[in-house]
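[1] turn this into a structure:
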Amino acid sequence: MTTITETTRTMLNQMGGGYSIARLTNCQIVVSDNSASLVFGRQVGPRGKKITHLKVTYNAGTDLYDVQAWKMSKKTFEMAPVVDLPGVDCGQLKEICERACDLFFTIN
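    Numbers count the residues shown, from 1 in each chain. Sure, this is the predicted structure:
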């Protein structure tokens, strides 16, 4: 089990809080040193851009976040990239992640 680093905790708080995200979206959160991945049990997102995995990585050199989303094929288990947004500011992070998966991370 990986412990949550301060960087990852700050990232999840900027997105709305890890507990809130996990409960409202019904996803599993997998963390590493500077990234958090949201793994959804089903396909989520707007029509034509369904995703199953969303990864947010902190880039310490630029002090920005990289957002990537993939769709996993049920037949071949291959991960096809759907969204790749490097250089996302912390003020836009929550909105971009919510728009990518078409779910709300907080009630407010």
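
[2] measure stretch 64-82 end to end?
    One end of stretch 64-82 sits 20 Å from the other (Cα to Cα, to the nearest Å).

[3] list the buried residues in it.
    Buried residues in stretch 64-82, counted by 16 or more other Cβ atoms under 10 Å: 64-71, 82. Bear in mind the C-beta positions are built from the backbone N, C-alpha and C, glycine included.

[4] chain center to the helix ranked longest in the chain: distance?
    Identified as the longest helix of the chain according to DSSP state H is helix 90-101. Averaging C-alpha positions (Cα atoms, centre = their mean, to the nearest Å) puts helix 90-101 9 Å from its chain's average.

[5] what about it, average pLDDT?
    Per-residue pLDDT over helix 90-101 has a mean of 93.

[6] would you mark the buried spots in that helix?
    Buried residues in helix 90-101 (16+ other Cβ under 10 Å): 93-94, 96-98, 100-101.

[7] packing partners for the helix or strand encompassing Met11?
    Per DSSP states H and E, Met11 falls inside helix 6-15. Identification of packing neighbours for helix 6-15 by 3 or more Cβ pairs under 8 Å, 6 or more residues apart in numbering; DSSP states H and E yields helix 18-25, strand 35-44, strand 51-59, helix 90-101.

[8] picking up where we left off before, now, which of the buried residues of helix 90-101 sits nearest Ala36?
    Cys97 (10.0 Å; Cβ to Cβ).

[9] contact partners for the closest residue to Phe40 other than its chain neighbours?
    Closest residue in space to Phe40, ignoring its immediate chain neighbours: Cys27 at 4.8 Å, by Cβ to Cβ, 6 or more residues apart in numbering. Contacts for Cys27 (Cβ atoms under 8 Å, 6 or more residues apart in numbering) come out as 21, 38-41.

[10] burial measure for the nearest residue to Cys90 once chain neighbours are set aside, as a count.
    The spatial neighbour of Cys90 that comes closest, neighbours along the chain excluded (Cβ to Cβ, 6+ apart), is Gln14 at 5.1 Å. Number of residues near Gln14 (other Cβ atoms under 10 Å) recorded here: 15.

[11] ok, Gln14 to Lys94 distance?
    7 Å (Cβ to Cβ, to the nearest Å).

[12] and what of Ile107?
    13 Å.
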